[in-house]
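1. Let me see the structure of the following:
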Amino acid sequence: MVETSSGKAFVRRGDPTVELKYGERPQLEYQKGQASFEDEIGCQFDQSQLMEDILNEPAASITSKDKLAVKHAPEEILRNCHLLKEHNGKPWLTKAGVFLLSKHPTEHIPGAYVRFMKYQGKEKKTGSAHNAVKDETFAGPLPRVIQRVIAYISTQVREFSYLGRDGEFVSEPEYPLFAWTEAIINALVHRSYSERNRPIFVELYDNRIEVTSPGDYLTGVSPLTSC
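-> Here you go, the predicted structure:
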């Protein structure tokens with residue numbers, strides 16, 4: 001993002017050039033990779049507010065990879081992983097650290113959760129024709145959200161049976177597991193968490209699964225270049 005000498009920044013929207021408002025500037029910097037929302041400080045470090053089992057996973061991995069003989073404190077491990085920073089002389093988790101380790105990330109980023117909706121039919125209806133048959137919310141540290149979402153949706157995807165070539169019946173899920181799990185994991189990992197109040201939506205219809213992730217494409221990426 002380029003600024004004028006007076007500190008103003010502009011963006012092209014169609015033919016006109018529009019001055020960016022205060023709240024729009026950080027979004028453009030995040031989108032262009034000039035700033036990282038996840039690297040900003042999130043909350044003061046308090047080990048009692050972290051998921052200990054998740055905290056132990058990177059510690060064990062780093063100790064094994066680097067062949068460390070001495071047990072290191074959690075703060076050292078988190079600094080090594082760039083999940084902890086000093087701020088005003090005290091240790092603070094970065095926002096990435098909050099997403100990964102905090103018991104309650106939504107206290108800091110309200111939209112850091114997944115909402116799953118299952119509809120009866122091929123389209124979403126409202127009012128008296130409301131057709132949602134499932135509405136579940138999954139919040140918590142990112143690794144556990146991924147596990148819980150995948151486990152739950154696996155119980156909601158239909159299975160079909162057919163007679164195989166060997167004369168025995170074969171059961172297969174409606175959608176390949178790797179396809180929809182990759183879509184959900186990508187949404188959780190790559191979404192724009194700077195859009196603080198918008199969750200990820202996973203919607204299951206009779207004929208498709210839709211995963212909606214907040215944020216725009218990264219600079220240089222579009223539906224055409226990603227095909």
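2. hey, let's count contacts and neighbours off CA atoms from now on
-> Fine.
3. At the geometric centre of this structure, which residue do we find?
-> residue 188 (2.1 Å; CA atoms, centre = their mean).
4. can you pull the buried residues of the helix or strand harbouring it?
-> Secondary structure from DSSP states H and E places residue 188 in helix 177-190. Of all the residues in helix 177-190, those buried under the rule 16 or more other CA atoms under 10 Å are 180, 181, 183, 184, 185, 187, 188.
5. A helix includes residue 148, no?
-> Yes - counting by DSSP: H, G, I helix; E, B strand; the rest coil, residue 148 falls inside a helix.
6. one step back: which residues does the residue nearest to the centre of the chain contact?
-> 142, 146, 200, 213 (CA atoms under 8 Å, 6 or more residues apart in numbering).
7. Go through those residues and say which is closest to residue 21.
-> Closest to residue 21 out of those is residue 213 (23.6 Å), distances taken as CA to CA.
8. what about the closest one, neighbour count?
-> 22 (other CA atoms under 10 Å).
9. Ok, residue 132 next?
-> Using other CA under 10 Å: residue 132 sits among 18 other residues.
10. residues contacting it?
-> 117, 118, 119, 120, 124, 125.
11. sorry, back to before: between the contacts of residue 188, identify the one with the most neighbours.
-> Most surrounded of those: other CA under 10 Å gives residue 142, at 25 neighbours.
12. Could you double-check that that residue lies in contact with residue 99?
-> Yes - counting by CA atoms under 8 Å, residue 142 does reach residue 99; the two are 5.7 Å apart.
13. residue boundaries of the helices in this structure?
-> 24-31, 52-65, 74-80, 95-101, 142-156, 177-190 (DSSP state H).
14. In a markdown table, list those along with mean pLDDT and distance to residue 10.
-> Putting those into a markdown table (pLDDT from 0 to 100; distance: least, CA to CA, whole Å) gives the following:
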| stretch | mean pLDDT | distance to residue 10 |
| --- | --- | --- |
| helix 24-31 | 67 | 9 |
| helix 52-65 | 71 | 42 |
| helix 74-80 | 80 | 36 |
| helix 95-101 | 90 | 28 |
| helix 142-156 | 95 | 35 |
| helix 177-190 | 92 | 26 |
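15. would you list the ones you listed in TSV and tack on distance to residue 46?
-> As requested, those are exported to TSV (distance: least, CA to CA, whole Å):
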stretch	distance to residue 46
helix 24-31	27
helix 52-65	11
helix 74-80	10
helix 95-101	11
helix 142-156	18
helix 177-190	24
